[in-house]
Structures are given as structure tokens and as C-alpha cells.
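Student: please work out how this folds:
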Amino acid sequence: FTENSVFGWQFPASYYQSVNPLGIIALAPLFAWLWVRWGKRQPSSPAKFMFGLAFLSLGFLVITGAAFVSAQDGNSRVSPMWLICGYVLHTVGELCLSPVGLSTVTKLAPQRLVGSMMGVWFLATALGNFIGGRIAGLFETFPLPQLFGAVCLTTGASAIVLLFLIKPIRNLMGGVH
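Tutor: Below is the predicted model of the structure:
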């Protein structure tokens, strides 16, 4: 439902899959600089996770808006900027979560189990992708605005829950930031 042309130039839909890796390459140095610059004032790991979920939710809010615009216009195609904006917000969320999660695993795991715990991190990611794929199959006929809206609300609610759990989680982390 996204237009695949800009200023008359047609491009394949697969080009959208380049937004995330290009965003990672462009924004990762900025995030690394930001965390170092803030030093001790930077948000805790649980707070960064919460920001990651919030940005993911905002990305799905943008995509939900695009789905509503498309549905209201009789399933017409929407501007590529909707999808690109959503993907960039997802990428920012990923940069708040993924490298922070890996770093936190290495800091919290007992020294002799760091490698195994990294494996558990990636296994949990794989399991989440598998479960997400199975759940997505259940919603093939679900209207896109409601589907994306539900994902937006779920991730937003998760961010809010995590907001209230930041302090208890930090206490359990034993001084690891």
C-alpha cells in the first residue's frame, strides 16, 4: 500500500529493507557518541530499553496513520515517507535496545557464563521472531489499521509498564548501569 516511486523514479519495494541497515550505519556512531558524552548522566539500561519500546511504538503509530490514510482512500498507495519514517523510528528504538541489551548481558552475567548468556540473548531473539511470525499468520485477514494500531498500543503499554519498573530493575542490577 506504499507508493514505490519518487519524482517519477520507480523502485522495487525491496529497497525499503535498506532503510534499517542504512539507519543503523548512520545513527550508531551518534548513539555511541551520545552515551559516552553523557557519561554518568546517561539513562540506565532499563530506561534505554523503555525508550527503545517507546520509539518502536511511535514507529507503529506512523505506520498505523499510513494504513488509515490508505484505507480511507479505498486502499490507495501512500507516500514512501510514511514507511521510511516508521522504519527510522524503529531503527532508533533498536539502537536504544539491541546494543544496550548485549552490553548489559556481558556486565550482569557471571564471567564464566558470558558466552552462554549471549547465546541465550540471541536465542530469545530468535524465539521472539518465530512467535511473532506464528502470531502474524493468525492475523492475515485483519484490517491493517487495526493490526498496526494494536502493535502500537501493545509496545506503548509495554514501555509504560517498563517505565514503572525501571527503579526496581535497577535495584536488582546491583549497581550495574
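Student: name the strands paired with the worst-scoring helix or strand of the chain on mean pLDDT and say parallel or antiparallel.
Tutor: Lowest on mean pLDDT, DSSP states H and E among the helices and strands of the chain sits strand 5-6, with a mean of 80. Using DSSP bridges, strand 5-6 pairs in its sheet with strand 9-10 (antiparallel).
Student: got the contact list for the helix or strand following the partner strand?
Tutor: Later in the chain than strand 9-10, the nearest helix or strand by DSSP states H and E is helix 19-38. Applying CB atoms under 8 Å, 6 or more residues apart in numbering, the contact partners of helix 19-38 are 42, 83, 84, 87, 88, 90, 91, 92, 94, 95, 96, 99. (C-beta placed from N, C-alpha, C; glycine too.)
Student: show the buried residues in these.
Tutor: 83, 87, 88, 90, 91, 92, 94, 95, 96, 99 (16 or more other CB atoms under 10 Å).
Student: from residue 55, how far out is the nearest residue to the third one once chain neighbours are set aside?
Tutor: Meaning residue 88. Counting by CB to CB, 6 or more residues apart in numbering, residue 23 is the residue found nearest to residue 88 once chain neighbours are left out, at 5.5 Å. Note on residue 23: its distance to residue 55, by CB to CB, to the nearest Å, is 12 Å.
Student: show the contacting residues for residue 175.
Tutor: So residue 175 contacts nothing (CB under 8 Å, 6+ apart).
Student: what's the helix or strand for it?
Tutor: Using DSSP H and E, residue 175 falls within no helix or strand.
Student: next: residue 153.
Tutor: helix 144-172.
Student: mind listing what's buried along that helix?
Tutor: For helix 144-172, by 16+ other CB under 10 Å, it's 144-145, 147-149, 151-152, 155-156, 158-159, 162, 166, 170.
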